[in-house]
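**Student:** Following is a predicted model, sequence given first.
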Amino acid sequence: MNITVRKFDALIIGAGGAGLRAALQLSNADARVAVVSKVFPTRSHTVAAQGGVNAALANVLPDSWHWHMFDTIKGSDYLGDQDAIEYMCRAAPKVVYELEHFGVPFSRLDNGTIYQRAFGGQSQNFGQDQAARTCAAADRTGHAILHSLYQQNLRARTHFFDEYFAVDLIKDDQGYVLGVVAFEILTGKPIVIEAKTTLIATGGAGQIFRTNTNALSNTGDGMAMALRAGVPLEDMEFVQFHPTGIAGRGMLITEGARGEGGFLINGEGERFMERYAPKVKDLASRDVVSRAIAVEIREGRGCGRNKDHALLDLRHLGADTIMKKLPGIREMTLTFLGLDPIEQPIPVFPTCHYSMGGIPTNRDGQVVVPVKDTPEDPVPGLYAAGEAACVSVHGANRLGGNSLLDILVFGRAAANHILEYLGENPHHRALPQDSVDRALERLARWDREGEGEAVEPLRRELRKVMEDHCGVFRTAEVMREGVAKLQTLRERIDQAVIRDHTQTFNTARVEALELENLWDCAIATMHSALGREESRGAHSRVDFTERDDERWLKHSLYSLQDDALDYKPVRTQPLTVESFPPKKRVY
Amino acid sequence: MEFSIYRFNPDTDREPRMQAFTLDDAMVEPGMMLLDALILLKEQDDSLGFRRSCQHGVCGSDGMNINGSNGLACITPLSKLKTPIVLRPFPGMPVIRDLIVDMDNFYRQYREAEPWLVNDTPEPEVENLQSPADRERLDGLYECILCGCCSASCPSYWWNPERFLGPAALLQAARFIEDSRDQDTERRLERLDDAYRLYRCHSIMNCTQVCPKGLNPAKAIGDIRRTMIKRSL
Ligand SMILES: Cc1cc2nc3c(=O)[nH]c(=O)nc-3n(C[C@H](O)[C@H](O)[C@H](O)COP(=O)(O)OP(=O)(O)OC[C@H]3O[C@@H](n4cnc5c(N)ncnc54)[C@H](O)[C@@H]3O)c2cc1C
Ligand code: SF4
Ligand code: SF4
Ligand code: FES
C-alpha cells in the first residue's frame, strides 16, 4: 500500500498539558516536533481540571517544597518513588512561575501574587497545620493552563496533527521505538509518523469505569499501545475515586470546594468526616474521604430517598465566595441538577477520577522496563508523561493538585531528555515494515463486514464489569469473576463489527479502536488489583484490610503478552534529603 | 421522542437530507442532555457523526445548531427542547459530515488574533504581579472554549468569513488587549484597525445570545473600538 510517511525529530502523542508542555520546550529549542492528537488540542481533557496546581510558593501561608514532598509521600501511602517526588516538588514553583509568564490568568491575592487555596492532604511542617498550596485560576485552572500552553505553541510554530488517531507504536527488533502508525480522522487515511523519539502523553483511562469524571476520550490509548509494544503497565490497580462526583452523573465538584470551606454531611445531618479524620476532617486524602462516604452509605446513613449519596454543603460560604472562587461549579450544578449551591447542598458520590498507574518511566520521562536483573532499563526512543505515565509520584493515591503539576514537570523533563537523546542519536533508523504492517492490520480489522455485536453495548458492559468487580471495595472472589467476564468480553470484542465503513470522519471506527484500548487497560487493572493482597491508598481489599509493607511495598507490573504480573522495588531514596520511612497514615 | 437530523456523507451522498430518528421515551431519563440522546441514537445508526468529549461544556467539541440556534449538545437539557428536535451542523461553516463542520477558518482567525501573551521585559524569577482588579478585567474574556457557537451565528461572519475575524477571535484579541501584563497593545490595536477585521461587526448581538459560557463578544468588540477611539484622540 502507498502510505504517507512524515519524518520528525520528536513525536508527541497527545496535546493535553503534558504533551503541550513538552512540545513547547522542544519547539523553543528548535527541534522538529510533531504533536498528534485525536481531538483539537484545546479539547484535551486537561481543559476540565478545576481546582489548581500545587507549588510551595508560600503566597498565603508559610510553605516549603520539603513539606510538599512529605505530604505527597504520605498521600501516596508510601508507594510513591521518593526521588521523583523530590524532583517534582522542588521544580514546582519554577514550573508555575513559567506558566504565569506564558500568560495563564491565575487568580490574584491583594498583593498581586498568585492566589493559592487549601486542598486535601496538604500540611505545614510535616503534618502540622493545613497548608494552602494549590495555585488557582478560579475553578478553571486546567482550561487556563491548556489554552495558554496551546497559545504559546502557536507562537513557537509547533507542528500539529489535529484529529489524527494514533493506532500503534513502531518498534524495530532491537527495541527502538521509531514513531507511530496513525490515521487522519477526516479522511480515514493511514499515515506513518517517523521520529527519533516518541513521547506518549495520551492521558488517563477513566472510561473503564461506568461512572467517572472523565472525558469520553479518556480511553487509555497510549497505555494500551505501550502494553501491545511489550511494555508492562505499572500499578494499574490504583484507580482514584474522587469523593465528590455529582451523584449518579459523575461530573466533578473540585476538592477546592472543600478547600474553600465546604463540608460533607450524611443522612443524619452529621459532619461525619470529623469521625474519620479528626484533625483535618473534610480535607483528608481522597482515598480516605471516598471510603468514608462509602461506609456511611453502606451503614445506612446515606442521604436522599434511596440513602445512596452524601451531601456537600457550601451554603455557609456565602454567595460572594461561591461566585468568585467557584463560578464553574455553580454553573455546572445549575445546568445538571437545577440546583444552586448558594441555596442547596450538592448530592455527591465517590466517582472514578484518575489513573495513578500507567507506563513506567524514570524521572527523565524515559519509559523503563525490567530486563534480566535490572528492574528499570530504558526503552530507546520511548518516553511517557502525564496521566498516561507512572513515574511514580502518586503511588497508591494522588493528592489533588498534584496531577497538573506532574504533567507539567515531567512533560518538561521528558523534553529536556529528548533533546539530549537527539544530540546522541542524530539519525533516523531504518523503518521496520513488519511493525508498520501489524498496526495497519489492527486498523483493517474493523473493515470486516457482516454480522456481529456492536461496539457501544460492549463498551457499556465492560464499564459495568469494572464497576461491579473492581470498585471502591474489592475481594478476590469478586475480582476472579471479573477476570473471567473480561475474558469472555475479549472474545466478543474480537467478533464485533461496525456498520459504517466509509472513510470521511468515521467516528464509529474511532470508538471501536478505543474499545480495544479500554479492554487492555481494564484487564491490566483487574489483574493487578487481584494480585495485590493488601489495602493501600485507593486499593481497598475487604479480604486483606491492612497495609503490608513487608510483602507489598513494591510496584506491580502487568504484561499483556505474558498475561502475568511482575514486581519492582519502590525507590525510597530521595535525591538529597533523608528518606521518609512508611508510617501509619492518620489525618 | 422525535428527532430530525441533518445527514450528509461526502463518500456516499450527493445531497444532504434530514433523517428522522426516534428515541424510545422509556430511555429518556430526567435531567438527560441532548448529547446523551445523540449517543443513544448513534447506537441505532453508528454512521451518525458528531464530535464530543468532556460531556459538561468545557471542551467545546459538540457545538451544533439545535432547533435553530447554536449551542452545545452536552449542556442542553432535552426537557427544554420542542420536538421534533431539529439538529443541523453550524450554519456558515463547511460541512464535513453530518453534524461535523470544518473549523479550519475559525482556527485560522484565532491565530490571526495572535492570542499569546507578549512581554519582552527580562523574565522575573517569580510571577509578574497583577492586582485583583486588573485580573478581574479578564473575567468574561479568558473563559472562551473555542466552540464556535458565536461565530457560526454571526451574519457578518457568514458573509465575510475570509476577512472579518468574527466574534470568537475578537474576544481573544480583547483578552490580550485587556491583560495588564501584555505589552503589545499598540500593535494589536493597529492590526485590528481595518474596515473588515473588526469593523464588519454590526452589533447584531447574536454572538452574545448564543454563547454557552455566558460570554459577551459583542461587548468585547465594542470595548476594543472604544479603546481605539480613545487612543486616536
Ligand atoms: C474533572 C477533572 C478535574 C480535574 N482537576 C484537577 C485539578 O484541579 N488539579 C490537578 O492537578 N488535576 C486535576 N485533574 C487531573 C488532571 O486534569 C489530569 O490528570 C491531567 O490533565 C492529564 O493531562 P495529560 O496531559 O496527561 O492528558 P490529557 O489532557 O487527557 O490529554 C490527552 C491527550 O492525548 C490525546 N490522545 C489520546 N489518545 C490518543 C490517540 N489514540 N491518538 C491521538 N491522540 C490521542 C488526546 O487527544 C489529548 O490531546 C482533574 C481531572 C478531571 C477529570
Ligand atoms: S455583534 Fe458583531 S460579532 Fe456579534 S453577531 Fe453581531 S455582528 Fe457578529
Ligand atoms: S465566545 Fe462563547 S460562543 Fe464564542 S467560541 Fe467562545 S465560548 Fe464559544
Ligand atoms: S462535549 Fe465538551 S463541550 Fe460538550
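**Tutor:** Arrived safely, thanks for sending. Ligands and ions are numbered 1, 2, ... in the order given.
**Student:** quick one: secondary structure of residue 152?
**Tutor:** Here I'm looking at chain A. Three-state assignment for residue A:152 (DSSP: H, G, I helix; E, B strand; the rest coil): helix.
**Student:** wrong one, chain B
**Tutor:** Three-state assignment for residue B:152 (three-state DSSP): helix.
**Student:** what about it, distance to residue B:80?
**Tutor:** From residue B:152 across to residue B:80, the span is 20 Å (CB to CB, to the nearest Å). No exception for glycine: its C-beta is placed from N, CA and C like everyone else's.
**Student:** neighbour-wise, which of those two wins?
**Tutor:** Neighbour count, other CB atoms under 10 Å in any protein chain shown: between residue B:152 and residue B:80, residue B:152 has more, with 27 against 9.
**Student:** nearest spatial neighbour of the more buried one, skipping sequence neighbours?
**Tutor:** Closest residue to residue B:152 apart from its sequence neighbours, by CB to CB, 6 or more residues apart in numbering or on different chains: residue B:90 at 3.6 Å.
**Student:** In stretch A:182-196, which residues are buried?
**Tutor:** Within stretch A:182-196, the residues scored as buried using 16 or more other CB atoms under 10 Å in any protein chain shown are A:182-186, A:188, A:190-196.
**Student:** touching ligand 1 at all, that stretch?
**Tutor:** No: using CB under 6 Å from any ligand atom, stretch A:182-196 never reaches ligand 1; the gap is at least 6.5 Å.
**Student:** any idea of the mean pLDDT for that stretch?
**Tutor:** The average pLDDT within stretch A:182-196 is 98.
**Student:** Send me it as CSV with only the CA atoms.
**Tutor:** C-alpha atoms of stretch A:182-196 as CSV (Å, rounded to 0.1, in the frame of the first residue of the first chain):
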residue,chain,number,x,y,z
ALA,A,182,-1.9,6.8,12.9
PHE,A,183,-4.8,7.8,10.7
GLU,A,184,-6.3,11.1,9.8
ILE,A,185,-9.8,11.0,11.1
LEU,A,186,-11.0,13.5,8.5
THR,A,187,-10.1,11.3,5.5
GLY,A,188,-9.6,7.9,7.1
LYS,A,189,-6.1,7.7,5.5
PRO,A,190,-3.3,6.0,7.4
ILE,A,191,0.0,7.7,7.9
VAL,A,192,3.4,6.8,9.3
ILE,A,193,4.9,9.4,11.5
GLU,A,194,8.6,8.5,11.9
ALA,A,195,10.5,10.1,14.7
LYS,A,196,13.8,9.6,16.6
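**Student:** next one: that stretch to chain centre, how far?
**Tutor:** Here the centre of stretch A:182-196 is set off from its chain's centre by 25 Å, with CA atoms, centre = their mean, to the nearest Å.
**Student:** how far away is the most centrally placed residue in chain B from residue B:212?
**Tutor:** Residue closest to the average C-alpha location in chain B (CA atoms, centre = their mean): residue B:148, at 2.2 Å. As judged by CB to CB, residue B:148 and residue B:212 stand 11 Å apart.
**Student:** Pull up the overlap in contacts between the two.
**Tutor:** residue B:63 (CB atoms under 8 Å, 6 or more residues apart in numbering or on different chains).
**Student:** Just want to check the distance between the closest residue in space to residue B:65 that isn't next to it in sequence and residue B:149.
**Tutor:** Sequence neighbours aside, residue B:88 is the residue nearest to residue B:65 in space, at 4.2 Å (criterion: CB to CB, 6+ apart). Separation of residue B:88 from residue B:149 (CB to CB) stands at 13 Å.
**Student:** can you map out the strands along the stretch 401-550 of chain A?
**Tutor:** With strands called from DSSP state E, counting those that start in this stretch, the stretch 401-550 of chain A shows them at A:473-474, A:540-541.
**Student:** Can you tell me which of those strands is nearest to residue B:98?
**Tutor:** Closest of the strands of the stretch 401-550 of chain A to residue B:98 is strand A:473-474, at 41.8 Å (criterion: CB to CB).
**Student:** Residue 22: what's it in contact with?
**Tutor:** I'll assume chain A. With contact taken as CB under 8 Å, 6+ apart, residue A:22 is in contact with A:12, A:199, A:201, A:365, A:385, A:411-412, A:414-415, A:418.
**Student:** actually it's chain B I care about, not the one you picked
**Tutor:** Residue B:22 is in contact with B:1-3, counting by CB under 8 Å, 6+ apart.
**Student:** Of the residues you listed - the most surrounded one?
**Tutor:** With neighbours taken as other CB under 10 Å, the top of the contacts of residue B:22 is residue B:3, carrying 20 neighbours.
**Student:** rewinding a little: of the contacts of residue A:22, which belong to helices?
**Tutor:** Residues of these located in helices (DSSP state H): A:411-412, A:414-415, A:418.
**Student:** Is residue B:21 located within a strand, as I assumed?
**Tutor:** Yes: under three-state DSSP, residue B:21 falls within a strand.
**Student:** can you pull the contacts of the closest residue to it other than its chain neighbours?
**Tutor:** Computed as CB to CB, 6+ apart, the closest residue to residue B:21 that is not its neighbour in sequence is residue B:3, at 4.2 Å. With contact set as CB under 8 Å, 6+ apart, residue B:3 has these partners: B:20-23, B:37, B:41, B:83-87.
**Student:** Give me the buried stretch members for stretch A:342-349, please.
**Tutor:** A:342, A:345-349.
**Student:** That one close to chain B?
**Tutor:** No: on the criterion CB under 8 Å from any CB of the partner chain, stretch A:342-349 is out of touch with chain B, staying 11.7 Å away.
**Student:** Ligand 3 contacts on chain B?
**Tutor:** Contacts of chain B with ligand 3, taken as CB under 6 Å from any ligand atom, map to B:144-150, B:167-168, B:171, B:211, B:213, B:215, B:217.
**Student:** Out of the residues you listed, which sit inside strands?
**Tutor:** Among the residues of chain B next to ligand 3, DSSP state E puts none in strands.
**Student:** give me the residue from the stretch 251-400 of chain A nearest ligand 3.
**Tutor:** Nearest residue of the stretch 251-400 of chain A to ligand 3: residue A:331, at 12.4 Å (CB to the nearest ligand atom).
**Student:** Tell me the first helix or strand C-terminal of the host helix or strand of that residue.
**Tutor:** Assessed by DSSP states H and E, residue A:331 sits inside helix A:327-337. Per DSSP H and E, the first helix or strand lying C-terminal to helix A:327-337 is strand A:346-355.
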